[in-house]
Each structure stands twice: as structure tokens, then as C-alpha cells.
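[1] sequence and predicted structure below; questions after.
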Amino acid sequence: MTRKSTARLNRDRKGVPSKKKIAHVEIDHDRKVQYVLTDDMLVNQLQRDGPRVARSFDRLARGRISESSKLISSVQGTLLRHLPRIDDNGLKATSARLLSSAANSYVASLEVARHGFPRQYGALARMVVETLATVLALATKQDALEQFHAGKLKSAKCVTWAKATLPILPRLWGMLSNEFVHISTGHATLDMPKPYKSDDDALSFIMDTMVVMAWLLQMVTELVYADEKTNLSYWKRSGEGWSFDPSPEAVKWMDKHLT
């Protein structure tokens, strides 16, 4: 066993890193403060600080996470029969792959949110909305499916078309675009990942919208595969198409869980 040198013992007591671990030293002469940055900041963020922030999120958002999980499980169950058809470019198989991608974006948005990145959560949430609007375009617009596979379908145009089926989608897409995607003064604020508190405005926004996003995923999925279901929660046959007509149980759920 080797004995530590006196210099190393002093560094350990003062919390001073070894020279080889120092990435940058900054001296603020006005405040008479010295900042020492080590080369393991990313490692600490991923392995030490991130999990701590995530635990605070999981504790405070437990109920919303549980409710959202039920909706996402319903979506995945509906898509299950169509996802293996990877070479099928028909409406249902294509929509299944897009909805699966939307569900992945949704999970990714919650992962970044729970690790302390609410602005990045909003950007990923917009991806979910845009994907759902594209699916609705494929299901309701003539030639949209053909244009999609030809690479000629513009997703932003799909958002406009989605207004006829789900008016909430364009409004939600616009808000998420302006607040989280398009670079503005909000992006110039100093936001650092930190444990959530119950009165955090960012946490409140995330908890409200996470349920809305999961609900929208469920509704669009149910519409695309409505002819395969016997008990629909949100849609009713109307001529050759479908109209939004939630069941009493669905209305009760929306009154309880949606803001």
C-alpha cells in the first residue's frame, strides 16, 4: 500500500482536483472567485446529476406518468399486428410505422424532460404532433399516401389539413413551434438541469401536456384502425367516414385528466 503525498492529501481535503483532470480555470477578479472545471462534467451530468433530477421528476409526476402509460400501451397494442409488415406501403402498415415513431418521440420527450431539459421536451413534443398530423393526412387526403412514399408530402401542410379532423393539432403545433423550436429570446435564458420542485412552472407544463400527447396518440391510432375495433372510445361511423363522438366513459376520462 502506498502513502499519499502531503500535497495530494491537502487537495483531497479541499476538494481540489488533480492537475490532469482540470479542463479550465477561470478567475473572476471582480468577485474574487476562482472557477475550476474538470474534464468529467459530461460524465457527471449523465451518471450523477441526471439520475438525481429524474428521481425528482418521477416522484412529482408519478400519477401523470401512470395514466399516460395506459394510453401508450393501448396504442402499441393496436399497432402490433401491422408493425411486422415492414415492406407494406399501404395505409395501415405505413401509419403503424409512423405512429410507432411518434410513440418513440413521445418517450424520448419524457426522457429529456425527466432529466431536466423542459425546452428540449417541447421540441420533441412538436415532432409527435407533426407525425400525428401526417398520419391524419394519409388517412383523409386523396393521393397523400402516394405523395408520402414519393417524398413529396410536406409535413407542415399536413398540420393545416389536420385542422378538419382534430382542430387542437395545428394550435398545439404552432405553440410548440413558437415557444420551443423557433429560436427566440427564450432560448437565451440560462437554464441548467436541476431537481424539480412541486411549484415549477416547467414541471406543470410538462405534466399537463404529457397526458394530452398520449391522448392524441390514442385518438389518432383509434381512428386509423377504427374498422378493426368493436368498442370505440372517441369515434363513430358517419357515412363513409368517422366523426368525433366520445363515449360517456371517454368524456368522463377527459373531464378528469385533460387540461
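    It's in. These numbers come from a predicted model, not from an experiment.

[2] so which residue is smack in the middle of this protein?
    Nearest to the mean C-alpha position of the chain, by Cα atoms, centre = their mean, lies Ser109 at 2.3 Å.

[3] show the pLDDT at the closest residue to that one other than its chain neighbours.
    Among residues not flanking Ser109 along the chain, Leu124 sits closest, at 3.6 Å (Cβ to Cβ, 6 or more residues apart in numbering). Glycine gets a C-beta too; all of them are placed from N, C-alpha and C. pLDDT for Leu124: 97.

[4] Leu124 sits in which helix or strand?
    Here Leu124 sits within helix 118-140, counting by DSSP states H and E.

[5] just checking, what packs against whatever helix or strand comes next after that helix?
    Next along the chain after helix 118-140, taking DSSP H and E as the criterion, comes helix 144-149. When contacts are defined as 3 or more Cβ pairs under 8 Å, 6 or more residues apart in numbering; DSSP states H and E, helix 144-149 packs onto helix 91-114, helix 118-140.

[6] 6 Å - rerun?
    helix 118-140 (3 or more Cβ pairs under 6 Å, 6 or more residues apart in numbering; DSSP states H and E).

[7] for the helix or strand where Lys256 lies, what is the distance to the chain centroid?
    Secondary structure from DSSP H and E places Lys256 in helix 248-257. Computed by Cα atoms, centre = their mean, to the nearest Å, the separation of helix 248-257 from the middle of its chain amounts to 23 Å.

[8] pull out the buried positions in it.
    For helix 248-257, a neighbour-count test (16 or more other Cβ atoms under 10 Å) marks 250, 253, 257 as buried.

[9] could you dump that helix to PDB, C-alpha only?
    Taking Å, rounded to 0.1, in the frame of the first residue of the first chain, the C-alpha atoms of helix 248-257 are listed here in PDB:
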ATOM      1  CA  PRO A 248     -69.600   8.600 -21.900                       C
ATOM      2  CA  GLU A 249     -66.600   6.800 -20.300                       C
ATOM      3  CA  ALA A 250     -64.300   8.800 -22.600                       C
ATOM      4  CA  VAL A 251     -66.000  12.100 -21.700                       C
ATOM      5  CA  LYS A 252     -65.600  11.300 -18.000                       C
ATOM      6  CA  TRP A 253     -61.900  10.500 -18.500                       C
ATOM      7  CA  MET A 254     -61.300  13.700 -20.500                       C
ATOM      8  CA  ASP A 255     -63.000  15.800 -17.800                       C
ATOM      9  CA  LYS A 256     -60.800  14.300 -15.200                       C
ATOM     10  CA  HIS A 257     -57.400  14.200 -16.900                       C
END
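
[10] average pLDDT across that helix?
    95.

[11] how about residues contacting that helix?
    Applying Cβ atoms under 6 Å, 6 or more residues apart in numbering, the contact partners of helix 248-257 are 67, 211, 233-234.
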